[in-house]
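Visitor: When you get a sec, could you give me coordinates for this:
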Amino acid sequence: MPQMIKALDVIVSTIPYDHWKAESESIFHIIVHLSFKRLGLDVRSEVHSSTGRCDVLVFTEQYVFAIELKLNGTAQSALDQIFEKGYLRPHQLDDRKKIAIGINFSTEERAVQEFLVKEFE
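Guide: Next up is the predicted model:
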């Protein structure tokens, strides 16, 4: 997981400063979505459920990742949202491991500021 976050941070760091217009989370949604898509993974954005909308779901052979993104917030609030809104509940019968990931991006630092990971049981 740290390598994946580092890779996202590297991608963000390549954006020229004069193109940096990150007033909302949407640019980070796009970066995360395209990064996983480029790896050939099954990635879905803004996935609706009965209790909310998960920013990004990524499916691999062994895992289901629920990723919540925040801009100038906290990774903890992103992680909490995944569990409070039950973004992984629709996948409870899936045999794969379920992993929740909260990521906070900073417009000031123009980087991934922090991330937290927790397994869904």
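
Visitor: Do me a favour and get the backbone dihedrals for the residue most central in space within the chain.
Guide: With distances taken as Cα atoms, centre = their mean, the residue of the chain nearest its centroid is residue 67 (3.1 Å). Torsion angles at residue 67 (phi, psi; degrees, to the nearest 10) stand at phi -120, psi 130.

Visitor: Excluding chain neighbours, what is closest to it?
Guide: Spatial nearest neighbour of residue 67, chain neighbours left out: residue 56 (4.1 Å); criterion: Cβ to Cβ, 6 or more residues apart in numbering. Yep, even glycine has a C-beta here, placed from its N, CA and C like the rest.

Visitor: partner residues bridging the one you found?
Guide: residue 45, residue 67 (DSSP bridges).

Visitor: which residues does it contact?
Guide: 29, 32-33, 36, 43-45, 47, 65-69 (Cβ atoms under 8 Å, 6 or more residues apart in numbering).

Visitor: separation between it and residue 42?
Guide: According to Cβ to Cβ, to the nearest Å, residue 56 and residue 42 sit 11 Å apart.

Visitor: What ranges does the protein have for its helices?
Guide: Secondary structure of the chain by DSSP state H: the helices cover 2-13, 26-38, 75-84.

Visitor: can you redo these as CSV with mean pLDDT?
Guide: Below are those laid out as CSV (pLDDT from 0 to 100):
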stretch, mean pLDDT
helix 2-13, 86
helix 26-38, 88
helix 75-84, 98
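
Visitor: Tell me which of the ones you listed lies nearest to residue 110.
Guide: Among the helices of the chain, helix 2-13 comes nearest to residue 110, with 6.6 Å by Cβ to Cβ.

Visitor: My read is that residue 35 contacts residue 9, right?
Guide: No. Residue 35 is beyond contact range of residue 9, at 11.0 Å (criterion: Cβ atoms under 8 Å).

Visitor: re earlier: are any of the contacts of residue 56 buried, and which?
Guide: 29, 32-33, 36, 43, 45, 65-69 (16 or more other Cβ atoms under 10 Å).
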